[in-house]
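Peer 1: here is the input, now give the coordinates:
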Amino acid sequence: MDPCAFVRLTVGNLVLKIPVASKPARSVVHPSSSPCFCKIKLKNFPLKTAIVPYISPENQFPDNQIQIQAATFHLSKADIDKLAAKSIFFAKPCLRIAIYTGRRGNTCGVNSGRLLGKVSMPLDLAGTESRACVFHNGWISVGKEVNKGSSAQFHLNVKAEPDPRFVFQFDGEPECSPQVFQIRGSIPQPVFTCKFSFRNTGDRNQRSRSLKSELSSSRSWLSSFGSERERPGKERKGWSVTVHDLSGSPVATASMVTPFVASPGSDRVSHSNPGSWLILRPGDGIWKPWGRLEAWRERGSSDGLGYRFELIPDRSAAAIVLAESTLSSGKGGKFVIDLGGGGGNGGSNGRATPGSATSPACSPRNSGDFGYGLWPFCMHRGFVMSARVEGQGKCSKPCVEVSVQHVNCTEDAAAFVALAAAVDLSMDACRPFSQRLRKELCNHQDLLG
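Peer 2: The predicted structure follows:
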């Protein structure tokens with residue numbers, strides 16, 4: 001498998017020094033007593049914000065300081081080409097940073113922070129797909145006192161690094177048992193097939209009430225609310241997606257192990273009682289757990305799909321949370337695992353692994369190694385995978401990106417594909433029970449009801 005070229009642009013090691021003499025007379029809050037923040041903007045990408053620590057003017061920022069990421073931008077080849085397109089205003093793409101004193105936020109529509117200064121950093125991204133480039137690492141004078149020698153000093157590190165990824169595209173919705181293609185250039189290559197099915201509904205983890213009582217309640221529900229309503233208390237359960245390689249061998253599976261059930265008094269799956277999937281990989285002739293995905297429907301104005309993904313290490317070690325966030329139920333979004341995402345609105349859509357985590361080096365060579373050591377324990381940090389899914393009611397063909405660093409065998413890639421399928425299907429599993437699902441997601445008993 002050949003990867004696609006991606007570039008990871010990071011902004012980090014932000015620090016602010018402001019001489020006491022340069023403190024404005026009208027200033028209400030000095031940075032030494034209140035945190036500062038900045039807004040980071042790159043053309044065609046969402047605005048990001050980050051906290052900027054303050055240090056006293058006499059202190060120096062050490063060169064060997066551990067890199068603390070504040071924001072991360074993930075650039076595809078197409079993104080780089082768009083940024084490099086000539087403009088009548090700018091010869092090169094620029095990273096723009098506005099630094100503010102005071103706390104971020106707004107009151108009555110007015111920003112509470114006070115603008116201290118702006119930084120514009122030209123970026124020459126040519127060749128960064130194959131080599132790292134540091135655009136700046138040091139101090140910059142900002143503010144109105146730049147020419148007077150008493151300006152504020154802003155430290156930052158801006159660099160670009162190659163971040164090649166494998167890109168996989170479902171050619172249909174996961175419940176329709178689609179093929180999965182690898183995208184490389186203009187010609188997609190088939191690499192996997194998915195098989196959606198229902199597990200045995202008599203499984204002990206899925207046992208609920210008897211079929212007789214279920215059918216009895218269904219008649220009452222349908223007669224009261226019509227055919228477009230689902231039965232009260234009905235569970236969405238037993239869904240399974242198995243990923244096969246081109247030889248037909250199963251290489252990963254996503255299996256719904258905890259039913260998605262409406263919480264009492266509502267028609268939604270609540271955070272307190274989420275449904276869950278187990279992502280499994282083959283090994284020693286059996287399926288072995290690799291990860292666990294929980295999903296639920298958020299309450300309130302967000303009304304999104306909440307999720308939590310845990311890695312299940314080998315040797316019965318405790319599971320580690322790698323991602324926990326929310327996707328828009330209407331617009332969809334990206335499920336992201338990024339172990340090096342910065343604070344603020346940095347590069348991660350979920351929870352980043354602490355930078356202090358350490359462990360022996362890890363390098364799986366075949367399916368028997370399961371990739372358990374890949375993350376979060378190995379020394380490599382950064383982007384792991386993302387899966388773009390659509391909102392409920394829309395045709396969703398997930399697009400999956402996986403870092404080359406985390407794929408050493410077919411089973412590695414297949415596990416991420418299975419995880420992406422589970423995230424996509426969770427959109428439907430967490431739909432309000434007053435809405436009927438498409439027939440592919442209803443088992444034979446549902447259709448009879």
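Peer 1: the nearest residue to Val191 once chain neighbours are set aside and Pro174, how far apart?
Peer 2: Closest residue to Val191 apart from its sequence neighbours, by Cβ to Cβ, 6 or more residues apart in numbering: Gln182 at 4.7 Å. All C-beta atoms are positioned from the backbone trio N, CA, C, and that covers glycine. Between Gln182 and Pro174 the distance is 17 Å, computed by Cβ to Cβ, to the nearest Å.
Peer 1: the two: which is more packed in?
Peer 2: For Gln182 versus Pro174, neighbours defined as other Cβ atoms under 10 Å are more numerous around Pro174 (28 against 20).
Peer 1: how near is Pro57 to Pro264?
Peer 2: 60 Å.
Peer 1: where do the helices sit along this protein?
Peer 2: 77-84, 211-225, 410-429, 444-448 (DSSP state H).
Peer 1: select from those the stretch with the lowest mean pLDDT.
Peer 2: Of all the helices of the chain, the segment with the smallest mean pLDDT is helix 211-225, scoring a mean of 31.
Peer 1: compare neighbour counts for Pro57 and Pro264 and give me the winner.
Peer 2: Pro57 (13 against 8).
Peer 1: how about the contacts made by that one?
Peer 2: Each residue near Pro57 by Cβ atoms under 8 Å, 6 or more residues apart in numbering is listed here: 17-20, 153.
Peer 1: so which of those residues is surrounded by the most neighbours?
Peer 2: Ile18 (27 neighbours).
Peer 1: what's the burial count for the nearest residue to that one once chain neighbours are set aside?
Peer 2: Excluding its sequence neighbours, the residue lying closest to Ile18 (Cβ to Cβ, 6+ apart) is Ala152, at 4.4 Å. The burial count assigned to Ala152 is 26, neighbours taken as other Cβ under 10 Å.
Peer 1: then Lys331?
Peer 2: 11.
Peer 1: ok, Arg131 next?
Peer 2: Other residues close to Arg131 by other Cβ under 10 Å number 9.
Peer 1: roughly how far apart are the closest residue to Gly172 other than its chain neighbours and Glu440?
Peer 2: Excluding the flanking residues, the one nearest Gly172 by Cβ to Cβ, 6+ apart is Pro178, at 3.3 Å. Here Pro178 is placed at a distance of 11 Å from Glu440 (Cβ to Cβ).
Peer 1: out of the two, which sits in the busier spot?
Peer 2: Pro178 (21 against 12).
Peer 1: which ones are touching Met256?
Peer 2: 199, 236-240, 275-277, 425, 429.
Peer 1: tell me who's in contact with Val167.
Peer 2: 3-4, 182-184, 399-402.
Peer 1: the closest residue to it other than its chain neighbours: how many residues sit nearby?
Peer 2: Counting by Cβ to Cβ, 6+ apart, Ile183 is the residue found nearest to Val167 once chain neighbours are left out, at 4.2 Å. For Ile183, the number of neighbouring residues by other Cβ under 10 Å comes to 16.
Peer 1: ok, now Phe45?
Peer 2: 16.
Peer 1: quick check: closest non-adjacent residue to it.
Peer 2: Phe73 (5.5 Å).
Peer 1: that neighbour contacts Leu42, doesn't it?
Peer 2: Yes. Using Cβ atoms under 8 Å, Phe73 is in contact with Leu42, at 5.4 Å.
Peer 1: for Gly350, give me the pLDDT.
Peer 2: Confidence score, pLDDT, at Gly350: 43.
Peer 1: Arg26 now?
Peer 2: 49.
Peer 1: any weak-confidence spans in the chain?
Peer 2: The model of the chain has pLDDT under 70 over residues 20-34, 61-67, 86-91, 103-112, 145-150, 200-233, 315-317, 341-381, 444-449.
Peer 1: if we can go back for a sec, who wins on neighbours among the contacts of Val167?
Peer 2: These, ranked by neighbours (other Cβ under 10 Å): first place Val400, 28 neighbours.
Peer 1: please determine how far Val11 is located from Val423.
Peer 2: From Val11 to Val423 the distance is 28 Å (Cβ to Cβ).
Peer 1: name all residues that make contact with Ala415.
Peer 2: 252, 279, 281, 290-291, 371.
Peer 1: quick check: closest non-adjacent residue to it.
Peer 2: Counting by Cβ to Cβ, 6+ apart, the residue nearest Ala415 is Ala252, at 4.7 Å.
Peer 1: number of nearby residues for that neighbour?
Peer 2: 29.
Peer 1: with Ser247 instead?
Peer 2: Count around Ser247 with other Cβ under 10 Å applied: 7.
Peer 1: on that earlier part again, beta partners of the residue nearest to Ile18?
Peer 2: Note on Ala152: beta-bridge partners by DSSP bridges are Val142.
Peer 1: in this structure Leu425 contacts Cys176, no?
Peer 2: No. Look at Leu425 against Cys176 with Cβ under 8 Å: they stay out of range, at 11.2 Å.
Peer 1: one step back: which of the contacts of Met256 fall in strands?
Peer 2: The members of these that map onto strands under DSSP state E are 236, 239-240, 275-277.
Peer 1: how close does the closest residue to Leu278 other than its chain neighbours sit to Gly185?
Peer 2: Of all residues not flanking Leu278 in the chain, Val257 sits nearest, at 4.7 Å (Cβ to Cβ, 6+ apart). The gap separating Val257 from Gly185 is 38 Å, by Cβ to Cβ.
Peer 1: higher neighbour count, those two?
Peer 2: Val257 (20 against 9).
Peer 1: relative to Gly291, how far out is that one?
Peer 2: Applying Cβ to Cβ to Val257 and Gly291 gives a distance of 12 Å.
Peer 1: common neighbours of the two, please.
Peer 2: Leu278.
Peer 1: and which of the contacts of Met256 is nearest to Glu324?
Peer 2: Nearest to Glu324 among the contacts of Met256 is Ser276, at 13.4 Å by Cβ to Cβ.
Peer 1: can you report how many residues lie near that closest one?
Peer 2: By other Cβ under 10 Å, neighbour count at Ser276 equals 20.
Peer 1: name the nearest residue to it, ignoring sequence neighbours.
Peer 2: Nearest non-adjacent residue to Ser276, counting by Cβ to Cβ, 6+ apart: Thr258, 4.0 Å away.
Peer 1: okay, now that neighbour: neighbour count?
Peer 2: What Thr258 shows, counting by other Cβ under 10 Å, is a neighbour count of 18.
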